[in-house]
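Undergrad: here is my input, please return the structure:
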Amino acid sequence: MRSIEFPRIQERRRNDLDEFVFSSRVRLARNIEGITFPLLLSDTERSCIDEKLVPVIRALEPECVVERMDTVDKDLVMLYLANRVLTREFITNGRVFSHDPGGNWVAMFNEDDHLRLHAIDYGFNIKAIYARLSELLDRIEDEVSFAFDEELGYLTSSVLNVGTGLRLSALVNLHGIVATKKIENFVESANNMGYSVVNVLPESPDSGLFHVFNIYSLGTSEEEMISDFRIFLQKVRDMEFQSREEYFENHDDLEISLEEIFELSIRERIDWSTMLYYVSLIDALNRRTLEIEDIRSFRSLVVNGHEDTLFYRDHVESENIPHVRMNMLKRFLQNIRYKQPRLHV
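TA: Numbers count the residues shown, from 1 in each chain. Below is the predicted model of the structure:
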């Protein structure tokens with residue numbers, strides 16, 4: 001069985017948001033015309049949707065992999081959950097999913113909607129992800145009629161997705177905004193602009209890692225949504241980098257941050273929430289006070305250091321996970337190049 005991992009690694013030209021965005025995700029939702037939405041579907045109706053959509057996708061993408069949830073190994077299911085290949089809703093309610101071997105797309109049938117296509121890439125790659133998903137979706141729509149209203153657009157189970165059915169999201173580092181205690185006001189302002197900002201681990205408020213995504217999908221075109229999302233992220237990046245300048249220009253705050261990083265070398269264990277804090281801190285100092293040779297691999301600790309990834313992919317025993325995770329982090333710490341000495345001796 002061929003498995004898939006997100007975020008997807010792609011060879012492309014770098015852009016101005018790659019330094020700020022860890023990974024980007026695009027999701028498109030559709031429902032088949034004339035069939036009840038998944039929340040009220042009977043098992044027979046769910047089977048009908050599988051029988052209608054799976055042959056279409058197989059015909060369009062002969063190399064695709066089609067999996068049934070009841071035959072997928074539990075370890076792989078949990079790994080897919082950790083990597084955001086599958087959602088908790090799909091694991092609970094879904095029956096069948098499909099993906100291409102290269103990880104360009106994943107299709108989930110009967111999650112909140114009859115069909116959801118999505119993909120996650122490293123860095124900011126929203127436009128390219130959307131292009132490949134929409135190209136596949138257009139070909140599917142040549143064979144299947146989707147629920148559509150001339151005034152509202154595509155109809156979805158959630159009113160927030162009605163219109164384009166498009167959800168854009170990015171994983172970003174807001175360490176500076178958190179450190180300067182502006183995060184609550186920023187989240188409120190973002191909500192007022194139609195974007196949601198959610199901590200990767202809400203119970204770990206010190207971490208600067210957040211998912212940013214559009215709240216609404218109605219009243220604008222896909223192209224406008226993508227353009228507006230980029231402009232919004234550029235403004236957030238500028239605000240974040242200014243906040244980092246403000247916070248780290250205080251020598252006491254910078255010294256405390258560097259001491260925290262230096263003290264990691266004597267630690268033997270670390271939990272995932274604490275690792276998220278250090279990933280956001282070190283990433284915020286990258287190219288300022290220190291430099292990490294492979295920043296993408298370092299950022300991938302967000303996924304690779306997760307409990308489920310270490311247990312189900314790497315087969316690390318639960319009691320050893322904090323130790324293994326610390327060793328993963330130390331491998332990066334050993335190769336950090338500092339651009340300036342410690343401020344105090």
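
Undergrad: buried sites along the helix or strand harbouring residue 58?
TA: Using DSSP states H and E, residue 58 falls within helix 43-60. Within helix 43-60, the residues that qualify as buried are 46, 49, 50, 52, 53, 54, 56, 57, counting by 16 or more other CB atoms under 10 Å. For glycine as for every other residue, the C-beta is placed from the backbone atoms N, C-alpha and C.

Undergrad: neighbours around residue 64, how many?
TA: Residues contacting residue 64 under the criterion other CB atoms under 10 Å number 19.

Undergrad: hmm, I was thinking of residue 135
TA: Look at residue 135: counted by other CB under 10 Å, it has 11 neighbours.

Undergrad: just residue 94 next, same as before
TA: Residues contacting residue 94 under the criterion other CB under 10 Å number 21.

Undergrad: need the pLDDT of it.
TA: On the pLDDT scale, residue 94 is placed at 78.

Undergrad: so what's it up against?
TA: Taking CB atoms under 8 Å, 6 or more residues apart in numbering as the contact definition, residue 94 lies against 69, 86, 108, 109, 110, 111.

Undergrad: now do the phi/psi pair for the closest residue to the fourth one other than its chain neighbours.
TA: Taking CB to CB, 6 or more residues apart in numbering, and ignoring the residues beside it in sequence, residue 109 has residue 96 as its nearest neighbour in space, at 4.9 Å. For residue 96, the backbone dihedrals (degrees, to the nearest 10) come out as phi -140, psi 140.

Undergrad: ok, and the helix or strand in the chain with the lowest average confidence?
TA: helix 88-93 (a mean of 86; mean pLDDT, DSSP states H and E).

Undergrad: what packs against it?
TA: Applying 3 or more CB pairs under 8 Å, 6 or more residues apart in numbering; DSSP states H and E, we find helix 88-93 packed against helix 74-82.

Undergrad: remind me what the longest helix anywhere in the chain packs against, helices and strands.
TA: Selection of the longest helix in the chain by residue count, based on DSSP state H, yields helix 222-248. Where contact means 3+ CB pairs under 8 Å, 6+ apart, helix 222-248 is packed against helix 126-141, strand 166-173, helix 175-179, helix 183-192, strand 209-214, helix 251-263, helix 272-285.

Undergrad: now the ones you listed in CSV, with distance to residue 100?
TA: Formatted as CSV, the helices and strands packed on helix 222-248 follow (distance: least, CB to CB, whole Å):
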stretch, distance to residue 100
helix 126-141, 9
strand 166-173, 20
helix 175-179, 35
helix 183-192, 33
strand 209-214, 24
helix 251-263, 40
helix 272-285, 30
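
Undergrad: check contacts around the nearest residue to residue 167 once chain neighbours are set aside.
TA: Counting by CB to CB, 6+ apart, the nearest residue to residue 167 once its immediate chain neighbours are dropped is residue 27, at 4.3 Å. Contacts for residue 27 (CB under 8 Å, 6+ apart) come out as 116, 117, 118, 166, 167, 169.

Undergrad: hmm, try it at 7 Å
TA: Neighbour list for residue 27: 116, 118, 167 [criterion: CB atoms under 7 Å, 6 or more residues apart in numbering].

Undergrad: picking up where we left off before, which parts of whichever helix or strand comes after the least confident helix or strand of the chain count as buried, going by neighbours?
TA: Downstream of helix 88-93, the next assigned helix or strand under DSSP H and E is strand 96-99. Residues of strand 96-99 classed as buried by neighbour count (16+ other CB under 10 Å): 96, 97, 98, 99.
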